[in-house]
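J.: A predicted structure for the sequence below; I have some questions about it.
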Amino acid sequence: MKKFYLIGFGILLLFDTLGQTSFKLAATAAEPLAMSMDWVVRVFTNVWVYVAIFGYIVTFLAWMTLLRHAPVGPAFAAAHMEVVTVMIVSIWLFNDHITLGRFLGALLIVIGIICLAFAEKQAMALEAAEKAKTSAD
């Protein structure tokens, strides 16, 4: 089951990050923003729009599959790791700069996910011990 979670969250992060960065690429290519038919055509003829839509469809399917099996709290927290992956990709792809605030925010997200994972593991161990005790009685 642990392997399932790792693969599932890996797919979720990969395609969510792909969707976010693809929308950024599409928005940049569609500039300048204008409420005109030319702008609409620029948007819908841009390949990055369709890459983003594909990324979000895969993200949605991965998320629904994970929610069927994973506890909601840790799953929801781990899904927010995408904030960190998008930040890392943005540094590489868009030449964004990492500030101390962004770094600390990303670090807090990672620490929060780790804390929730340990808390969930501990809760599952307690639940298993209670079930074993109840069955023994």
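T.: Arrived safely. These numbers were taken from a predicted model, which means no experiment stands behind them. Numbering: from 1, shown residues only.
J.: so what's the backbone phi/psi at residue 46?
T.: Note on residue 46: backbone dihedrals following degrees, to the nearest 10 are phi -90, psi 130.
J.: mind starting the numbering at 54 from now?
T.: Shifting the count to begin at 54 puts that one at residue 99.
J.: what residues are up against it?
T.: 79, 82, 83 (C-beta atoms under 8 Å, 6 or more residues apart in numbering). In short, each C-beta sits where N, CA and C put it, glycine included.
J.: if we go to 10 Å?
T.: Counting by C-beta atoms under 10 Å, 6 or more residues apart in numbering, residue 99 makes contact with 75, 78, 79, 80, 81, 82, 83, 105.
J.: in the strand or helix carrying residue 110, what's buried?
T.: Using DSSP states H and E, residue 110 sits within helix 100-122. Buried residues in helix 100-122, counted by 16 or more other C-beta atoms under 10 Å: 101, 102, 104, 105, 108, 109, 111, 112, 115, 116, 119.
J.: Quick check: nearest residue in space to the last one, chain neighbours excluded?
T.: For residue 119, ignoring the flanking residues on the chain, the nearest one in space by C-beta to C-beta, 6 or more residues apart in numbering is residue 61 at 4.6 Å.
J.: again with the fifth one
T.: Nearest-residue entry for residue 108: residue 72, 3.2 Å, with adjacent residues in sequence omitted and distances by C-beta to C-beta, 6+ apart.
J.: Pull out the buried residues from the host helix or strand of residue 130.
T.: Using DSSP H and E, residue 130 sits within helix 125-132. Judged by neighbour count using 16+ other C-beta under 10 Å, the buried positions of helix 125-132 are 127, 128, 130, 131, 132.
J.: Can you tell me which of those residues is nearest residue 187?
T.: residue 127 (24.7 Å; C-beta to C-beta).
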